[in-house]
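**Student:** Build the 3D model from these lines:
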Amino acid sequence: MTSQEDVRAVRDAIACYEKATGATMNIEKSIALAVGTWDTACEMMGIPYSEEIKILGVRIRKTAKQSALASWMRLASLVRTQARGAYSRDLNVAQRITYNRFIQGVTGRKDQISGGCSLC
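**Tutor:** Prediction:
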């Protein structure tokens, strides 16, 4: 949507849907996301604007780059946390070297994971 006319068209479509189905939109559970250059000064049916929304676990922000970073940083953090637990209890020295090289390739980070050896 790029204008107030678009907002009116969406409002009319929602009203038509509500009338046909008997369902109503719960404004209190709704969040608007201003994508790209959308002006947040435009009133959106009383729905508050947010910097981020989450749909099916995927974080969406104003730009594609921000969305990707928000989603992947959280996922990478979760994977890193799980991997550290497995790393510290189940890997022998050769496996730890391979693991450290893999993590460096994926993350681009040169720092060692806790307990890593200096050969990596």
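**Student:** Helix or strand for residue 66, just tell me which one.
**Tutor:** Assigned by DSSP states H and E, residue 66 falls within helix 64-90.
**Student:** what helix or strand is residue 9 on?
**Tutor:** Assigned by DSSP H and E, residue 9 falls within helix 4-21.
**Student:** how close does the most centrally placed residue in the chain sit to residue 22?
**Tutor:** Closest residue to the average C-alpha location of the chain: residue 59 at 2.1 Å, with C-alpha atoms, centre = their mean. Separation of residue 59 from residue 22 (C-beta to C-beta, to the nearest Å): 33 Å. Glycine gets a C-beta too; all of them are placed from N, C-alpha and C.
**Student:** cool, residue 11 as well?
**Tutor:** Distance from residue 11 to residue 22, by C-beta to C-beta: 18 Å.
**Student:** who has more neighbours, the two?
**Tutor:** Taking neighbours as other C-beta atoms under 10 Å, residue 11 and residue 22 compare with residue 11 leading, 13 against 7.
**Student:** residues contacting the nearest residue in space to that one that is not next to it in sequence?
**Tutor:** Leaving aside its sequence neighbours, residue 11 sits nearest to residue 45 (C-beta to C-beta, 6 or more residues apart in numbering; 5.8 Å). By C-beta atoms under 8 Å, 6 or more residues apart in numbering, residue 45 lies in contact with 7, 10, 11, 14, 27.
**Student:** is it true that the first one touches residue 46?
**Tutor:** Spelled out, it's residue 7. No: using C-beta atoms under 8 Å, residue 7 is not in contact with residue 46, being 11.2 Å away.
**Student:** So which of the two has more stuff around it?
**Tutor:** residue 7 (16 against 9).
**Student:** Return the distance of the closest residue to the residue nearest to the centre of the chain other than its chain neighbours relative to residue 52.
**Tutor:** Once flanking residues are discounted, residue 59 sits nearest to residue 70: 3.9 Å by C-beta to C-beta, 6+ apart. Using C-beta to C-beta, we find residue 70 at a distance of 6 Å from residue 52.
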